[in-house]
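Visitor: Fold the stuff below for me.
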Amino acid sequence: MRRATLIDHGIGGMAYHSTDEGVMKECEDCHGAATSIHVGTSVENTVRTHERLACQVCHIPTFSRKVATYVDWRWGVAGLDARPASCAAAPTGVAADGVTQRTTYVKNKGCFTWATNVRPSLRYYDGKWNRMIVGFNDKWTTQPVDLGSPSASYLDASAKIYPFKKMTGNQVADANNKTMMVPHLYGTVTGPNPYWAKFDWAASLTDAANYLPAYNAGPGFTGAFEFVETVMLLKVDHEVAPKEQAYGKDNGCADCHFADQIDWTALGWTKDPATGGTQTLP
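Guide: Now for the predicted structure:
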């Protein structure tokens, strides 16, 4: 049975979206222009003067409000039989019983840090991304390594500010040629040394380098590996809150301004523009 409200509108997220439905919908496609639907409300002036804010910025004030999400993943401590002391315990109010939530340590994958009521990171976004792709731009020079992030700035006229989940951690890389690696984790189709069976990083990476054409065309795996700091931004479109919880309601400027809730430098400002910040990009 098709779930019409989820599938037919294409708003359930990429996992539920069919290519037959065309381009993913934006909020305005169904609800109308923000300036129109907020006329006569307490945020009419805010919406009118903040035309480059996407709807999601105010209407998804936080995510993972009920079920925790992991915000940091440490592959570098995988393979141990017991949770290492460096792994944080589950946050207050978050179960770690492996049923309602996953534990903070899994031998196969390493350490996880969980969080609830996470306020998204804000960035300019115009549909284009910085992506690290195996065999194309998989070398790193500085840490944390940017695995994925929106490429726009306020200089891009079509870009608006959107919310993102910031995911940090560490991942395995070739220590000699500074190449991010994709390990062979399970099964024997791609080689005899899946990490989740033998817990041997070097053997797992050798399998991957021998199997993946992108690595075969290059230097492959040199035999030395390390774990490097990584970060990626994941677009937030889910968990729209009741309108009473939206940022800015009743002219609540302090929801975003005056108390360092926003990383203004990431948006191209020297500091909060409401307190004298200026744009920094040329």
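Visitor: Assign a three-state SS to the residue lying closest to V236 once chain neighbours are set aside, would you?
Guide: Spatial nearest neighbour of V236, excluding adjacent residues (C-beta to C-beta, 6 or more residues apart in numbering): P163 at 4.3 Å. Every residue, glycine included, has its C-beta placed from N, CA and C. With DSSP: H, G, I helix; E, B strand; the rest coil as the basis, P163 sits in strand.
Visitor: need the contact list for P163.
Guide: Neighbouring residues of P163 by C-beta atoms under 8 Å, 6 or more residues apart in numbering: A54, Q56, V57, I60, P120, S121, L122, K235, V236.
Visitor: Return a ChimeraX selection command for the buried portion of these.
Guide: The following ChimeraX line selects those of these that are buried, judged by 16 or more other C-beta atoms under 10 Å:
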select :54,56,57,60,120,121,122,235,236
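Visitor: Let me know the closest of the contacts of P163 to F225.
Guide: For these, the minimum distance to F225 (C-beta to C-beta) is 29.4 Å, reached by S121.
Visitor: for that closest one, what are its contacts?
Guide: P163, F164, K165, K166, L233, D263, A266.
Visitor: Number of residues surrounding the third one?
Guide: Translated: K165. 17 (other C-beta atoms under 10 Å).
Visitor: which non-adjacent residue is nearest it?
Guide: Distances taken as C-beta to C-beta, 6+ apart place L234 nearest to K165, at 4.4 Å, with adjacent residues excluded.
Visitor: Check the fourth one too.
Guide: The shortest distance from K166 to any non-neighbouring residue, by C-beta to C-beta, 6+ apart, is to S121 (4.5 Å).
Visitor: Could you measure from G277 over to K271?
Guide: 4 Å (C-beta to C-beta, to the nearest Å).
Visitor: who touches both of the two?
Guide: Taking C-beta under 8 Å, 6+ apart as the contact rule, G277 and K271 both touch W264.
Visitor: all strands of the protein, in order?
Guide: Taking DSSP state E as the test, the strands found in the chain are 69-74, 105-106, 110-115, 121-125, 129-131, 145-150, 160-174, 179-180, 225-235.
Visitor: centre of the chain versus the second one, how much separation?
Guide: Strand 105-106 has its C-alpha centroid displaced from the chain centroid by 21 Å (C-alpha atoms, centre = their mean, to the nearest Å).
Visitor: Against V77, how distant is K107?
Guide: Distance from K107 to V77, by C-beta to C-beta: 10 Å.
Visitor: Among those two, which residue is more densely surrounded?
Guide: Between K107 and V77, V77 has the larger neighbour count (other C-beta under 10 Å), namely 18 against 14.
Visitor: On the pLDDT front, check that one for me.
Guide: On the pLDDT scale, V77 is placed at 95.
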